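Participant: what shape does this take:
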Amino acid sequence: MRGIQRVVRENYPIGNGEHRIDIEITGAEFVIFLEVKVNAGETKSGQIEQYGKLAKIKADSLGKQHHAVMYLSETPPAAPSKCIPLRWKDVARSIQSVARHREPDALSTRLALLFAAHVSRFH
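Facilitator: Have a look, this model is predicted:
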C-alpha cells in the first residue's frame, strides 16, 4: 500500500457520530476501513456491508478512486462486495515476511516477531 497519507484509529468516517471504524487508512487513490475482531464476530447484522457503503461515500467525498473494507477476524463476515477477509495468521505471516529482511537482533524486530507469534494463536 504505497502512497498512504493518513491512518486514524477509532474514527467516525463521515463525522456523524455513527458507525465507528476501528482503523481508517487513506491514500493517494484509496480509502480502506479495517475492522478488527478478537474472539468476536460482527457486532450487528450487516455491519460490514454498512461499512462498505460508508467507505464508498468517504472515497467519493475525497475524490479517491478505490475503497474497500478489510475484516480481520477468525470468523468470516457475510461476504459483501469490496470486503477483504483477513485472518490473524495472515497478519503473523506478513510480519514474519518483513522481519526476514530486518536486523534480527534489533528490539523492534524481536518485538514484532513476538507479536506475530501471539496473534497467530488467535483461532
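Participant: packing partners for the one helix or strand Val69 maps to?
Facilitator: Assigned by DSSP states H and E, Val69 belongs to strand 66-72. Contact analysis of strand 66-72 by 3 or more Cβ pairs under 8 Å, 6 or more residues apart in numbering; DSSP states H and E lists strand 30-36, helix 47-62, strand 83-86 as its packing neighbours. C-beta: built from backbone N, CA, C; applies to glycine.
Participant: just the CA atoms of the longest one, as CSV, please.
Facilitator: Just to be clear, that refers to helix 47-62. Taking Å, rounded to 0.1, in the frame of the first residue of the first chain, the C-alpha atoms of helix 47-62 are listed here in CSV:
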residue,chain,number,x,y,z
GLN,A,47,-22.2,-4.2,9.9
ILE,A,48,-19.5,-4.9,7.3
GLU,A,49,-21.9,-4.2,4.4
GLN,A,50,-22.7,-0.8,6.0
TYR,A,51,-19.0,-0.1,6.3
GLY,A,52,-18.6,-0.9,2.6
LYS,A,53,-21.3,1.8,1.8
LEU,A,54,-19.6,4.3,4.1
ALA,A,55,-16.2,3.5,2.5
LYS,A,56,-17.6,4.4,-0.9
ILE,A,57,-19.2,7.6,0.5
LYS,A,58,-15.9,8.6,2.1
ALA,A,59,-13.9,7.7,-1.1
ASP,A,60,-16.3,9.7,-3.3
SER,A,61,-16.2,12.7,-1.0
LEU,A,62,-12.4,12.7,-1.1
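Participant: pretty sure Met70 contacts Val36?
Facilitator: No. Met70 lies out of contact with Val36 (Cβ atoms under 8 Å); the separation is 9.1 Å.
Participant: more neighbours: the two, which one.
Facilitator: The neighbour comparison of Met70 against Val36 (other Cβ atoms under 10 Å) goes to Met70, with 20 against 16.
Participant: many thanks, have a good one.
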